[in-house]
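In: coords please:
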Amino acid sequence: MSLLIKKTVDALRSTPVRVGFLVLVVLLAVYAVVSQWDDIVAAMAGMNPLLLLGSLLAGVIYVLLTMLAWRVLLADMGTTLPLSAAFRVFFVSQLGKYMPGGVWNILAAAELGADHDIPRRRSVSVMAVTVIVSIVTGAALAVVMMPFASDQLRDSYGWVSWTLPVFVVMLLPPVLNRLLALVFRLTGRPPLEHPVSWSGIGACTAWTLVAWAVAGIQVWLLGIGIGMAGSPATLALCIGGYAMAWTVGFLIVFVPAGAGVREGVLGLVLAGSLTTGGVVAVVLLSRVVLTVADLVMGGGSLLTMRRVSGLRRTK
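Out: The predicted structure is shown next:
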């Protein structure tokens, strides 16, 4: 097993693989927008442009907040990256979400982090713990949202309530550090130099909860533009509903970026607040808005990375 892991890592370190990977994920992300273009245009016909712009702004802020959650945990585990470097490492690696498998963004973060002297095992651990924090907080918000949801949704996703304690226990630093140590021991890797602390988990959790709130606002603004009532109840529904949709979509690892799964769950959440056509429009537009946000941040990071590499070569 350890030999297989070593060969995989060696292959990922090669320049052709890294360049090919980045090109492929960008193309897949662009395809996610182009393939839905006709439905998007139809949905936007009656949309207030200010609401659409506000949703896009919320999408960009949401992905920025996820980066800050990752960065604060990275600092807790031993590496403090300047914002500019954190921007490049995180957002380029996040393009890997559009590859099937659910691990490519984690592997990409490890390789890009190595360019900034971050041990690969630390990068992998930080990204994995950040994902666990997202799952725990997403499931918690889903439980809070349940009273506002339809009977069908409560029947279909009641399992979220009884699986939440399992993930919460995994997130407790004494348990989490033992799990990470076990994984590294089984894979023949040295242990982490800095264990996860309570303050690190707390700060990461706080940033993640704010990120979920902003992601929900992004959906809420789209819903209002399509005909949803703008009330505190629908806002709570959108925040908890998006968090649950992301969590379920992420756990279906063979689907790139939870495509289709996330939309299906979010559609069930919104079904009681919008017409069928309105639900389709909102979930499609939400996917596009967040894909555009990923592309903008990832593309900007690629450009700055290229500029930094060029400056280094001229010195």
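In: Which stretches in the stretch 151-300 of the chain count as helices?
Out: Using DSSP state H, counting those that start in this stretch, the helices of the stretch 151-300 of the chain run over 151-156, 159-171, 173-186, 198-226, 232-251, 261-270, 276-314.
In: Quick one: distance of the longest one to the chain centre.
Out: Spelled out, it's helix 276-314. 13 Å (Cα atoms, centre = their mean, to the nearest Å).
In: before we move on, what about the third one?
Out: On the basis of Cα atoms, centre = their mean, the separation between the geometric centre of helix 173-186 and that of its chain is 23 Å.
In: I'd like to check the angle between that helix and helix 198-226, please.
Out: 100 degrees (axes from the mean of the first three to the mean of the last three Cα atoms, to 10 degrees).
In: for the stretch 51-200 of the chain, which spans come out with low pLDDT?
Out: Along the stretch 51-200 of the chain, the model assigns pLDDT under 70 to residues 98-104, 148-162, 187-189.
In: and the residue nearest to residue 94 when sequence neighbours are not counted, what helix or strand is that in?
Out: Closest residue in space to residue 94, ignoring its immediate chain neighbours: residue 105 at 5.4 Å, by Cβ to Cβ, 6 or more residues apart in numbering. All C-beta atoms are positioned from the backbone trio N, CA, C, and that covers glycine. Using DSSP states H and E, residue 105 sits within helix 104-114.
In: Which strands or helices does that helix pack on?
Out: Helix 104-114 sits against helix 2-13, helix 15-34, helix 83-94, helix 120-145, with contacts defined as 3 or more Cβ pairs under 8 Å, 6 or more residues apart in numbering; DSSP states H and E.
In: Against which helices or strands is the last one packed?
Out: To tie it back to what came earlier, the one meant is helix 120-145. Secondary-structure packing of helix 120-145 (3+ Cβ pairs under 8 Å, 6+ apart): helix 49-76, helix 104-114, helix 159-171, helix 173-186, helix 198-226, helix 232-251.
In: Any chance of JSON lines for the ones you listed, columns mean neighbour count?
Out: Output for the helices and strands packed on helix 120-145, formatted as JSON lines (neighbours: other Cβ atoms under 10 Å):
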{"stretch": "helix 49-76", "mean neighbour count": "20"}
{"stretch": "helix 104-114", "mean neighbour count": "22"}
{"stretch": "helix 159-171", "mean neighbour count": "14"}
{"stretch": "helix 173-186", "mean neighbour count": "14"}
{"stretch": "helix 198-226", "mean neighbour count": "22"}
{"stretch": "helix 232-251", "mean neighbour count": "23"}
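In: Would you reformat those as a markdown table and include distance to residue 278?
Out: Output for these, formatted as a markdown table (distance: least, Cβ to Cβ, whole Å):
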| stretch | distance to residue 278 |
| --- | --- |
| helix 49-76 | 13 |
| helix 104-114 | 32 |
| helix 159-171 | 25 |
| helix 173-186 | 41 |
| helix 198-226 | 4 |
| helix 232-251 | 12 |
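In: so which of these comes closest to residue 300?
Out: Minimum separation from residue 300 across these (Cβ to Cβ) falls at helix 49-76, 10.5 Å.
In: and the angle from the closest one to helix 104-114?
Out: 60 degrees.
In: follow-up on the earlier one: mind checking the helices and strands packed on helix 120-145 for the one nearest to residue 128?
Out: Residue 128 lies closest to helix 104-114 among the helices and strands packed on helix 120-145, at 6.4 Å (Cβ to Cβ).
In: now the angle between helix 83-94 and that closest one, please.
Out: Going by the same axes, to 10 degrees, helix 104-114 makes 150 degrees with helix 83-94.
In: Just the CA trace of helix 104-114, in PDB.
Out: C-alpha atoms of helix 104-114 as PDB (Å, rounded to 0.1, in the frame of the first residue of the first chain):
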ATOM      1  CA  TRP A 104      -8.100  15.800  -6.100                       C
ATOM      2  CA  ASN A 105      -8.300  19.200  -4.400                       C
ATOM      3  CA  ILE A 106      -6.600  17.700  -1.300                       C
ATOM      4  CA  LEU A 107      -3.800  16.300  -3.400                       C
ATOM      5  CA  ALA A 108      -3.400  19.500  -5.300                       C
ATOM      6  CA  ALA A 109      -3.200  21.500  -2.100                       C
ATOM      7  CA  ALA A 110      -0.400  19.200  -0.900                       C
ATOM      8  CA  GLU A 111       1.600  19.700  -4.100                       C
ATOM      9  CA  LEU A 112       1.100  23.400  -4.300                       C
ATOM     10  CA  GLY A 113       1.800  23.800  -0.500                       C
ATOM     11  CA  ALA A 114       5.100  22.000  -1.000                       C
END
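In: picking that back up, between the helices of the stretch 151-300 of the chain, which gets nearest to residue 91?
Out: Evaluated over those, closeness to residue 91 peaks at helix 276-314, with 4.1 Å, by Cβ to Cβ.
In: same question for the closest one, mean pLDDT?
Out: Helix 276-314 carries an average pLDDT of 73.
In: what's it packed up against?
Out: If you count contacts as 3+ Cβ pairs under 8 Å, 6+ apart, helix 276-314 packs onto helix 15-34, helix 37-44, helix 49-76, helix 83-94, helix 198-226, helix 261-270.
In: Having no further points to raise, I will conclude here.
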